[in-house]
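>>> Sequence and predicted structure below; questions after.
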Amino acid sequence: MVKKLVMAQKRGETRALCLGVAMVVCAVITYYILGTTMLPLYQKSVWTQESMCHLIETNIRDEEELEGKKVPQYPCLWVNVSAVGRWAVLYHTEDTRDQNQQCSYIPGSLDNYQMARADVEKVRARFHEHQVFYCFSTTRENGTSVLYRRLYGPQALLLSLFWPTFLLTGGLLIIVMVKINQSLSILAAQK
């Protein structure tokens, strides 16, 4: 009976150790992936200066002129603000600026024109309700663009590092508890 209990205990310890090591390995792999993808984006971000933006005007653009003809396009919002003592164009995120420099906000779903237009109208109404808000500007002198929200800010970096840290800590705790249990079992067997 005692031998069966010891064998079952050893199997459980081995499984717990494997779980702890697997958790630590997954955390290390996740740290590597985040270090090669998220960290460079955070370090390259020039949108570090937080300032107050005052709304000047908003305009919904849903047609684009090409060679004198109006071509239907997805609806987007154009927002002009006053920030850091100068006129600037507000962009929702860094990606919005990269996608289309003529739009401050691009709706998420562009499949249904009416839903996209309603989404843009809702965002425009929110801007008119809150005409003074925080925004992020670049430290460059001639920058005429500001961001409403940073994708690669310190909060995003901390949130992305939370789960791997939790996984690493849990795995290390499991390994330590198993090793303590093994050493206590050896001490008890020697008495």
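Thanks, I have the structure now.
>>> Going by C-alpha atoms from here, please, whenever you check contacts or count neighbours.
Noted.
>>> Across the sheet, point out what pairs with V81.
In this entry, V81 is beta-bridged to L55, A88, by DSSP bridges.
>>> going forward, begin numbering at 26 instead of 1
Understood, numbering begins at 26; the last thing we discussed is V106.
>>> so it sits right up against H79, yeah?
Yes. V106 lies in contact with H79 (CA atoms under 8 Å); the separation is 5.4 Å.
>>> How many neighbouring residues does the residue nearest to W72 when sequence neighbours are not counted have?
Excluding the flanking residues, the one nearest W72 by CA to CA, 6 or more residues apart in numbering is T163, at 4.6 Å. Look at T163: counted by other CA atoms under 10 Å, it has 17 neighbours.
>>> What score does T163 have for pLDDT?
On pLDDT, T163 comes in at 79.
>>> for F161, helix, strand, or coil?
Look at F161: counting by DSSP: H, G, I helix; E, B strand; the rest coil, its state is strand.
>>> check contacts around it.
W72, T73, Q74, E75, S76, V171, L172, Y173, R174, R175 (CA atoms under 8 Å, 6 or more residues apart in numbering).
>>> Let me see the ranges of the strands in this structure.
Counting by DSSP state E, the chain has strands at residues 74-91, 94-108, 111-116, 157-162, 170-172.
>>> Specify the beta-bridge partners of the nearest residue to I85 once chain neighbours are set aside.
With CA to CA, 6+ apart as the criterion, I85 has its nearest non-adjacent residue at 4.6 Å, and that residue is L102. When bridges are called by DSSP bridges, L102 pairs up with I85, Y130.
>>> that older thread, if you compare the strands of the chain, which one is most tucked away?
Scoring the strands of the chain by mean neighbour count under mean count of other CA atoms under 10 Å gives strand 170-172 as the most buried, with a mean of 25.
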